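Participant: Next come a sequence and a model predicted from it.
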Amino acid sequence: MKIKSIVLLAAGVAAVGAVAVRAATSDIEQPDYRVVSSEGDFEIREYEPMIVAQATVVGERRKAMNDGFRIIADYIFGNNLSSQEVAMTAPVTQQASEKIAMTSPVTQQASGTGTENSWQVRFVMPSEYTMDTLPKPKNMAVTLLEVPAKRVAAIRYSGNAQQSDVDKHREKLMAFLSAEKLTAANDPTYAFYDAPWTPGFMRRNEVMVEIES
């Protein structure tokens, strides 16, 4: 009986912790979009223009994500010319960029799974800022970019975003595009909305791809 009580208490503490994590992140700004259509876990969305801070990192996907996150987090936490903190937003996104060729300076589009891939890791900047009002980065690895309005197809899933999960949902999204006769405008983007300590079942992860209008 005593063991059962301890188990129930531990479960209760875990549940409270999970709720606290969600509450702590619920006020984080996310980019505006309009859902054009939805089907199960799939959505077609229209995003407003936005500004992003970007770092380009070479390496295996998850390590590149962590390295890129640290570079941009350093910028928004005050390592900029104004020593000004910028509020965290969600999601953090990652997209394959270019692969560095082993025997030639020529580059080609990456598939998104190799160890030599180049990844664009991005934080969306809070909507209150413009390119003129955002603090300028000290680190040349951080670039501020204006992203125009776009239409994307997205699939949402939970979990810890293991590579197998990312691959599976990317394949599902591409199959959805094929079935709907939609054309991808670029490589898929991986979006992660939650803090690392968020329980996997509460996480919001997405694979998104811009589609041609």
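Facilitator: That came through fine. These figures come from a predicted structure and were not determined experimentally.

Participant: right, and the helix or strand after the least confident helix or strand in the chain by mean pLDDT?
Facilitator: Within the chain, confidence by mean pLDDT, DSSP states H and E is lowest for strand 107-109 among all helices and strands, at a mean of 31. For strand 107-109, the succeeding helix or strand toward the C-terminus, using DSSP states H and E, is strand 117-124.

Participant: avg pLDDT for the helix or strand just after that following strand?
Facilitator: Sequence-wise, the next helix or strand downstream of strand 117-124 (DSSP H and E) is strand 143-147. The pLDDT scores in strand 143-147 average 97.

Participant: With stretch 183-197 instead?
Facilitator: Averaging pLDDT along stretch 183-197 yields 93.

Participant: mind checking the SS state of Asp67?
Facilitator: helix (DSSP: H, G, I helix; E, B strand; the rest coil).

Participant: which SSE is Ala73 in?
Facilitator: helix 61-76.

Participant: elements contacting that helix?
Facilitator: Where contact means 3 or more CB pairs under 8 Å, 6 or more residues apart in numbering; DSSP states H and E, helix 61-76 is packed against strand 50-58, strand 92-100, strand 117-124, helix 163-179, strand 189-192. Heads up, the C-betas are built off the backbone N, CA and C, glycines and all.
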